[in-house]
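Enquirer: Here is a sequence with its predicted model. Questions after.
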Protein chains: 2
Amino acid sequence: VGCGVVGGAAATILTRDADVLAERAGMQVQLRHIVDVNFAHARELKLDESLYCEDLQRALDDEQVGVVCELVGGIDLARRITEQALRAGKHVVTANKALLAHCGPELYAVARENGVSIAFEASCGGGIPIVRALLDGLVANRLEALYGIVNGTCNYILTEMTGRGQTYQAALSEAQADGLAEADPTLDVSGGDSAHKLAILAALAFGQKVDFDAIPVVGIDSLELGDLNYGLELGYVVKLLAIAQLQPEGLSLRVRPVFIAQEHPLAWISGPFNAVSVYGHATGHTMYYGRGAGGMPTASAVVADIVSVAQGSWPRMFAQLPVWPDRTPPANQLDIAEVRSRYYIRMKVVDQWGVLSKISKIFAACKISISSLLQPETEDQQDGDEATLIITTHLSREGNVADALARCSRLDVVQAEPVCIGILDEHPERLVHETEPSS
Amino acid sequence: VGCGVVGGAAATILTRDADVLAERAGMQVQLRHIVDVNFAHARELKLDESLYCEDLQRALDDEQVGVVCELVGGIDLARRITEQALRAGKHVVTANKALLAHCGPELYAVARENGVSIAFEASCGGGIPIVRALLDGLVANRLEALYGIVNGTCNYILTEMTGRGQTYQAALSEAQADGLAEADPTLDVSGGDSAHKLAILAALAFGQKVDFDAIPVVGIDSLELGDLNYGLELGYVVKLLAIAQLQPEGLSLRVRPVFIAQEHPLAWISGPFNAVSVYGHATGHTMYYGRGAGGMPTASAVVADIVSVAQGSWPRMFAQLPVWPDRTPPANQLDIAEVRSRYYIRMKVVDQWGVLSKISKIFAACKISISSLLQPETEDQQDGDEATLIITTHLSREGNVADALARCSRLDVVQAEPVCIGILDEHPERLVHETEPSS
């Protein structure tokens, strides 16, 4: 249902490439109906016109139909289609992260009532089999943290800014020209799309019900090139990360631009590619990399789900695993103030004696330990001019940092709102491996 | 069966960490017997002594036992244990790549005769769920190529050589001191271990029966630091790669040190980590990264297989998928001479007029097109001294390159056996995506 970029590609795999499934899955999957109201794209792809169907109900009445692929996107219509399909006793395969982030638990419950399942590998990370990794490959692990670069548009823009010194606006325009960003890029650059995927992945990884609306989200649209360059000098690359960390007090979820140490594999992910790092108590660090969007990569995941439903593996996991958010308790989602991280802070200050002492006094009062302090010289600097101050902190409580920055802003000598970016360079694997036997 | 590093870690997950499986898989897996002849390591890990069992048959006679984990390693004993378990109607989970590379098809057939299955996620890439990715997550893809860094010892040694300028011998000694290389490192550094994993992965990826003994293997033990440094200057990092490429004429399988362009994600994999790049016609490039060895990472895969057997997913895939090498036709494994690649060649020549012309004449006669030719200057070079010649070629047939090098060796002006290393910088994804619809 929905023959757009992903739907068209899925239909192409199921028809033109039917031999792939025969050779690799040992089964034939028959595409019975292409449901849409506009078949322009379907005709462009030369999909069999006899399959075109404007009436969803007719497709649902077809007893040969076992699986409905909801690929219309958006929430309201997609939700109606999904519920209708589930109530008709059809399994649903979807690529719709917004739908699942907002209504996942309710829809899973509807699926259970009707003895069917919902599969959604395609909703996160495009062609990367990350949902399966969490549910199956890593099942023997107590997961400790998940860090995802899960929005290709943002990663492309950040790669252009970092690698080619482009401003955010220039990089965005180029991404739009290349078809890598939407005309209205808000959902991507604001971090909202990444938060949808985080809600889905974190719920499965930690077996807790996630409240999407309580995830703090910062996008990339306010990033300044200058900060990226200072970061590079300090050994960091900025990435928009979807972060989930299991801490003793609760689950910390957030989406934001973060400085990552250049040695960490996530720092290497460039252009429109996605990657998800997962830290398990037994595996340590594993990472999954690939194209997070695009018709064929996403369709690869849609078709893998269809096969898994047909083989019975997915319905069995859906029925048996205790991690589905319609069955798990609500996560204790930590307030953003409780996050502990290292931070990069930039301030514009008046270049005069005593400024540093005022600022360090505030940091000390807020229990923030400073790791490094740089005051890059500009060429024609004179006393009384504006100067830039770059501070990195040791592990600090985010609430304390916010407090310190608010206090600094009120100083006469601080010229503008300070910029603050989290730093990820502690390698959680070290903590994880303490539990490993001496072998 | 076999309570060594991996067996001990698997037993630890099944006992100490039993709550993980309860929370994540919704099942309890009971460890019934720890079979070995020496329980020193089991005692060290404080594994329950009441489970120690010196008699495999007693464990097999236990009707409560559904799965036997063969973790003794080696071939002969492991084979007997595996066959005995299969004939007793037990599923077998194994981490034994040598066993499967040599005897996989026969053992799969024995499993089928007895209505059980063999699972082996742990045999390749330690804790990385790469076998599942090939069988399940990427099932909608016609796979085109697979490139694996699948031996952590070799990758550690090469990382030390590249990053710290150590010789092969120094890096090997350090790896041995750090417990990252065996006292007898032959199987690792010779490429044999990587070839085992390649045989297993390629058979599943391409649905063809692989003849292990026909895989050409070159190890890292003859690599010279000088070549790694020349490679870096040209923009390449050397990695020991397990390579499988589906070509129109057949399947090209080989293990060898290869120069990889610094932009390719595989070039970034450092230290003891492993990674496998897979190119599918729909997904394009996906990569799977993690610890390829060690007790807990490998045990993570062993336990995931146990869960998958218990859930019924694995036995169903084992029964239904048409890719198992006991059911697929033998691969048409291309002769190494038929491989087409780019090459790096280094020769020691007498530094005199006319040398280049003699050599280029031979290359032309062998239909090898030269991409670049460098003659790095040494400080006190004089006419008649020895000079070094670095040649990179365009895509060439390996047989032609071998022929050219043999002819060059016979020239008076060529002082020693030329060194030749393949280059991987063509990005197969480009080819793959030609099949994508215009969407």
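Expert: Great, that's in hand.
Enquirer: Now A:I390. Its backbone dihedrals?
Expert: The phi/psi pair for A:I390 (degrees, to the nearest 10) reads phi -110, psi 120.
Enquirer: Next: A:A387.
Expert: Phi and psi for A:A387, reported as degrees, to the nearest 10, are phi -130, psi 160.
Enquirer: what's around it, how many residues?
Expert: A count of neighbours around A:A387, defined by other Cβ atoms under 10 Å in any protein chain shown, yields 20. Heads up, the C-betas are built off the backbone N, CA and C, glycines and all.
Enquirer: correct me, but it touches A:Q375?
Expert: Yes - at 5.9 Å, A:A387 counts as touching A:Q375 under the criterion of Cβ atoms under 8 Å.
Enquirer: Tell me the bridge partners for A:Y147.
Expert: Judged by DSSP bridges, the bridge partners of A:Y147 are A:I243, A:S277.
Enquirer: er, A:S372 actually
Expert: In this entry, A:S372 is beta-bridged to A:T392, by DSSP bridges.
Enquirer: By mean pLDDT, point me to the weakest helix or strand of chain A.
Expert: Least confident element among the helices and strands of chain A, by mean pLDDT, DSSP states H and E: helix A:428-433 (a mean of 49).
Enquirer: Give me every residue in the stretch 201-350 of chain A lying close to chain B.
Expert: With Cβ under 8 Å from any Cβ of the partner chain as the criterion, the stretch 201-350 of chain A meets chain B at residues A:207, A:265, A:268, A:280-291, A:295-297, A:299-304, A:307-308, A:311-313, A:316-317, A:320-323.
Enquirer: Which among those count as buried?
Expert: Applying 16 or more other Cβ atoms under 10 Å in any protein chain shown to those, the neighbour count classes A:207, A:265, A:268, A:280-291, A:295-297, A:299-304, A:307-308, A:311, A:313, A:316-317, A:321, A:323 as buried.
Enquirer: Which ones among these lie within helices?
Expert: Among these, the ones falling in helices (DSSP state H) are A:295-297, A:299-304, A:307-308, A:311, A:313, A:316-317.
Enquirer: Among those, which pair sits farthest apart?
Expert: A:G295 and A:R316 (29.4 Å; Cβ to Cβ).
Enquirer: now the strands for the stretch 201-350 of chain A?
Expert: With strands called from DSSP state E, counting those that start in this stretch, the stretch 201-350 of chain A shows them at A:236-247, A:250-261, A:273-280, A:284-291, A:340-350.
Enquirer: Adding mean pLDDT, write these out as JSON lines.
Expert: Supplementary listing: those in JSON lines, determined by pLDDT from 0 to 100:
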{"stretch": "strand A:236-247", "mean pLDDT": "96"}
{"stretch": "strand A:250-261", "mean pLDDT": "96"}
{"stretch": "strand A:273-280", "mean pLDDT": "97"}
{"stretch": "strand A:284-291", "mean pLDDT": "96"}
{"stretch": "strand A:340-350", "mean pLDDT": "95"}
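Enquirer: so which of those gets nearest B:D403?
Expert: Closest approach to B:D403 among the strands of the stretch 201-350 of chain A (Cβ to Cβ): strand A:284-291, 38.5 Å.
Enquirer: Hey, what's the angle from the closest one to strand B:273-280? Just curious.
Expert: 20 degrees (axes from the mean of the first three to the mean of the last three Cα atoms, to 10 degrees).
Enquirer: quick one: strands adjacent to strand A:284-291?
Expert: Strand A:284-291 is paired, per DSSP bridges, with strand A:273-280 (antiparallel), strand B:284-291 (antiparallel).
Enquirer: now the angle from the first one to strand A:236-247?
Expert: Per the same axes, to 10 degrees, the angle that strand A:273-280 makes with strand A:236-247 is 40 degrees.
Enquirer: Mind exporting the C-alpha coordinates of strand A:273-280 to CSV?
Expert: This file holds the C-alpha atoms of strand A:273-280, laid out as CSV (Å, rounded to 0.1, in the frame of the first residue of the first chain):
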residue,chain,number,x,y,z
PHE,A,273,25.4,6.4,5.3
ASN,A,274,24.0,5.4,8.6
ALA,A,275,25.5,3.3,11.4
VAL,A,276,24.4,2.1,14.8
SER,A,277,26.9,1.2,17.5
VAL,A,278,25.6,-1.2,20.2
TYR,A,279,27.4,-2.1,23.4
GLY,A,280,26.6,-5.4,24.9
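Enquirer: which residues touch stretch A:329-341?
Expert: If you take Cβ atoms under 8 Å, 6 or more residues apart in numbering or on different chains as the criterion, stretch A:329-341 is touched by A:202-203, A:206, A:208-211, A:214-216, A:247, A:249-254, A:395-399, A:402, A:422-424.
Enquirer: So among the residues you listed, which ones count as buried?
Expert: A:202-203, A:206, A:208-210, A:215-216, A:251-254, A:396-398, A:422-424.
Enquirer: ok, A:G8 touching A:R43?
Expert: No - A:G8 lies out of contact with A:R43 (Cβ under 8 Å); the separation is 10.1 Å.
Enquirer: Neighbour count: the two, which is higher?
Expert: Using other Cβ under 10 Å, the more surrounded residue of A:G8 and A:R43 is A:G8, with 24 against 12.
Enquirer: Now do the helix or strand hosting the more buried one: everything it contacts.
Expert: Assessed by DSSP states H and E, A:G8 sits inside helix A:5-15. For helix A:5-15, contacts defined as Cβ under 8 Å, 6+ apart pick out A:1, A:3, A:20-21, A:29-31, A:34, A:36, A:41-42, A:44-45, A:47-48, A:51, A:69, A:71, A:95, A:122, A:294-296, A:298-300, A:302-303, A:306, B:140, B:282, B:436-437, B:439.
Enquirer: Over to stretch A:54-68?
Expert: With Cβ under 8 Å, 6+ apart, stretch A:54-68 has contacts from A:1, A:30, A:32-33, A:35-37, A:53, A:81-82, A:84-85, A:88, A:90-93, A:306, A:309-310.
Enquirer: Apply 6 Å and report the result again.
Expert: Outside stretch A:54-68, the residues within contact range by Cβ atoms under 6 Å, 6 or more residues apart in numbering or on different chains are A:32-33, A:35, A:37, A:53, A:85, A:88, A:90-93, A:306, A:309.
Enquirer: Drop anything exposed from the residues you listed.
Expert: Buried among the contacts of stretch A:54-68 by 16+ other Cβ under 10 Å: A:H33, A:V35, A:C53, A:A85, A:A88, A:K90, A:H91, A:V92, A:V93, A:I306, A:V309.
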